[in-house]
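[1] The following block contains a protein sequence and its predicted model.
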Amino acid sequence: CILCGDHFGNMDDPWRHHLRVVYQDSGTVRVPGEGLWKPPDPIRVPTNPGAKWDTMGEDYIRLQRWPCWPRYMFELHEICWQRLMAHFDPEGVSPCDLYDALMKLPFPTNPSIYFGQDAPPYETTPLEQLLQSERQQPGCNPELQRMIARNCNVTDCFRCLPLEIIEAVGALLPTPDVLNTRLASRAWSVLFHNPTFWRTRFEINGERGFLDYLLMEDRRIDWRLLYHSTCRLRCGRSFDLTIRLWETRRWVRDAILSKPESPLMEFGGRALQHYHNTSWPGRYSRTVEIPPDLVGIGISACLERGSETADIKGLGSIRANGPSVLLGPKVPGARLMREDEPELRSLHRDGSTMACWDLEAMYRYPGIHVLLGARLLRGAFFHRELPGGVTAIQLLRSNDLSVSVGYGGCGREEGYYFNMDTVIELVVTFDVSGWPLFVGTLVYSNTNTLTAPSPQVGTSGRSRLWWRSDGRAPSTSLSVCLVQCRESDCDRC
Ligand SMILES: [Zn+2]
Ligand SMILES: [Zn+2]
């Protein structure tokens, strides 16, 4: 399933059998009705989008499973499809736009590798569990309260607005912005005490939209307290899957809604933390804005005794004029290397044929700190060991690909790939020991840079990448296939 990454068809879980497909056929995008997955029968889906597999009669289309690339068809569980549609107005969404947005999504990792076979993609954690928090009831900051009381600005035009309009505008704004607005206008301070406003945080496209099932509950809920308590989540870690899927669906909506003004934006993966501003105990995220004078990114990696992987310890941005920003530690005593260092090049040029003992010697504690050029930064590849942190990073630049820093074992790994028009932020999630867990980049499409030729990634053999600069179609999806494809019968990866 392109959204949740889980497989189809398992006799124990009926939700795995019902599916929706979005596919392209001679230039037209089609979304037929709900189908039934019943191997070894071929997939049959109703021609009529409103029909279902049990009522379609003879009016159906027979679908073959296509290889992962080129991608013509996306399969979704019916339950995932229904959740996705809930993010849109009842008129729905144009199939073409939807297809284009789905093209930007990577192959998601099958969630069973984190949480076991039975982890359902949509959990409904009970309210009581979410309300366990070590935080106090939120109160208005006394200093702010005094300032608001004193601050009576006669030219404040917001004073003329009725509460309903203030509520309606507040519903569209992120919570930190609403809270800051109080500093400029006293009229906005009412929202802090307004239950309707806090309830909007839990609507499907609101900040805590992954908790929207609580809106159906027939009981009084203190929404402000719930918001406050869920800034740091206190429930089972498998709920992170529900959050991840919600982030992805909200991105699909944002991408489609922003489309008329700008080219379709690229998917930000787990860098989309600002959608909800929540975190898990023992995890924190750091964001660095990419400055215009960025010249390089330094990455520390080292192999510790007892470990099979050279983990990424930290990374930092290097500016031409101005202080560098370091995310995570730079291991003291690490050997400083430039990426044109022959050793680093020769070890990594052939991908899988690196000599193990040479690699180990280079990465053994305190490891290396590699300076990578980043003037033309477009994104990054990274690999993550499961469970565990980031084990390898490679920068993607408009003209080439940097060397890869770090290396993984041969256990369970997932790969991510971000190719942006312009990188504006680098978001790194760390665990409590300070090791990066996720790295992501964020972008807003910039039409000026779109005219630059897009490099293409090609394959030669099974594990080797090289770049061509003949600049035809952007290669995002192909590269995603190389890094992430889980199709067992794929001959492209
Ligand atoms: Zn699914
Ligand atoms: Zn593939």
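    Cool, got the structure. Values in this document were obtained by computation on a predicted structure and should not be read as measured data. Ligands and ions are numbered 1, 2, ... in the order given.
[2] so how many other residues sit close to G9?
    For G9, the neighbour count with other Cβ atoms under 10 Å is 13. All C-beta atoms are positioned from the backbone trio N, CA, C, and that covers glycine.
[3] show me the contacts for it.
    Contact analysis of G9 by Cβ atoms under 8 Å, 6 or more residues apart in numbering lists 16-17, 37-39.
[4] pLDDT and distance to ligand 1 for these - can I get that in TSV?
    Output for the contacts of G9, formatted as TSV (pLDDT from 0 to 100; distance: Cβ to the ion, whole Å):
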residue	pLDDT	distance to ligand 1
R16	86	8
H17	88	12
W37	83	12
K38	79	17
P39	76	17
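[5] For PyMOL, write the selection for the buried entries among those.
    Selection of buried members from these for PyMOL, criterion 16 or more other Cβ atoms under 10 Å:
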select buried, resi 16+17+37
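[6] between the contacts of G9, which is closest to R71?
    W37 (18.8 Å; Cβ to Cβ).
[7] Mind checking the pLDDT average for stretch 200-208?
    For stretch 200-208, mean pLDDT is 95.
[8] Endpoint to endpoint, that stretch covers what distance?
    Separation of the first and last residues of stretch 200-208 by Cα to Cα, to the nearest Å is 9 Å.
[9] mind listing what's buried in it?
    Within stretch 200-208, the residues scored as buried using 16+ other Cβ under 10 Å are 200-202, 204-208.
[10] burial measure for R319, as a count.
    15.
[11] what's across from it in the sheet?
    Listed by DSSP bridges, the beta-bridge partners for R319 are L294.
[12] dump the residue contacts of it.
    If you count contacts by Cβ under 8 Å, 6+ apart, R319 has them with 291, 293-295.
[13] Residue in the stretch 301-450 of the chain with the shortest distance to ligand 2?
    Ligand 2 sits closest to G415 of the stretch 301-450 of the chain, with a gap of 12.0 Å, by Cβ to the ion.
[14] gap between stretch 227-245 and the chain center?
    15 Å (Cα atoms, centre = their mean, to the nearest Å).
[15] Going forward, count from 26.
    Sure, I'll start counting at 26 from here, so that last one is stretch 252-270.
[16] so where's the stretch 76-225 of the chain uncertain?
    Counting by pLDDT under 70, the ranges of the stretch 76-225 of the chain that qualify are 90-95, 142-144, 176.
[17] and it, which of its residues are near ligand 1?
    Proximity of the stretch 76-225 of the chain to ligand 1 (Cβ under 5 Å from the ion) is limited to residues 102, 105.
[18] Near the nearest residue to T225 once chain neighbours are set aside, how many other residues are there?
    With sequence-adjacent residues excluded and distances taken as Cβ to Cβ, 6 or more residues apart in numbering, T225 is closest to A196, at 4.0 Å. Neighbour count for A196, taken as other Cβ under 10 Å: 16.
[19] Contacts only, for A196.
    So A196 contacts 222, 225, 228, 231 (Cβ under 8 Å, 6+ apart).
[20] isn't the first one right next to L216, touching?
    Right, F222. Yes. Using Cβ atoms under 8 Å, F222 is in contact with L216, at 4.5 Å.
[21] For stretch 71-78, measure first residue to last.
    One end of stretch 71-78 to the other measures 6 Å (Cα to Cα).
[22] mind checking pLDDT for E291?
    pLDDT, E291: 77.
[23] next one: R244
    For R244, pLDDT reads 87.
[24] Please apply the same query to L340.
    85.
[25] do the same with L352
    81.
[26] Count residues in the vicinity of it, would you?
    So L352, with other Cβ under 10 Å, has 21 neighbours.
[27] For it, which residues are in contact?
    Applying Cβ under 8 Å, 6+ apart to L352 gives the contacts 311, 313, 339-341, 451, 453, 455, 461.
[28] Now do the same for the residue of the stretch 276-425 of the chain found nearest ligand 1: helix, strand or coil?
    Nearest residue of the stretch 276-425 of the chain to ligand 1, counting by Cβ to the ion: V277, 13.1 Å away. Of the three states, V277 takes helix under DSSP: H, G, I helix; E, B strand; the rest coil.
[29] distance of it from H102?
    15 Å (Cβ to Cβ, to the nearest Å).
[30] from the contacts of L352, which ones fall inside strands?
    311, 313, 339-341, 451, 453, 455, 461 (DSSP state E).
[31] ok, so of these, who is nearest K355?
    G339 (5.6 Å).
[32] How many residues are close by that closest one?
    21.
[33] how close does the closest residue to ligand 1 within the stretch 176-325 of the chain sit to ligand 2?
    Nearest to ligand 1, among the residues of the stretch 176-325 of the chain, is L270, at 7.8 Å (Cβ to the ion). As judged by Cβ to the ion, to the nearest Å, L270 and ligand 2 stand 22 Å apart.
[34] Quick check: that residue touching C105?
    Yes. If you go by Cβ under 8 Å, L270 and C105 touch, sitting 7.4 Å apart.
[35] list the residues that contact both of the two?
    28-29, 146.
[36] Need those in TSV (columns: neighbour count, distance to M128 and secondary structure).
    Formatted as TSV, these follow (neighbours: other Cβ atoms under 10 Å; distance: Cβ to Cβ, whole Å; DSSP: H, G, I helix; E, B strand; the rest coil):
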residue	neighbour count	distance to M128	secondary structure
L28	23	14	coil
C29	23	18	coil
P146	21	21	coil
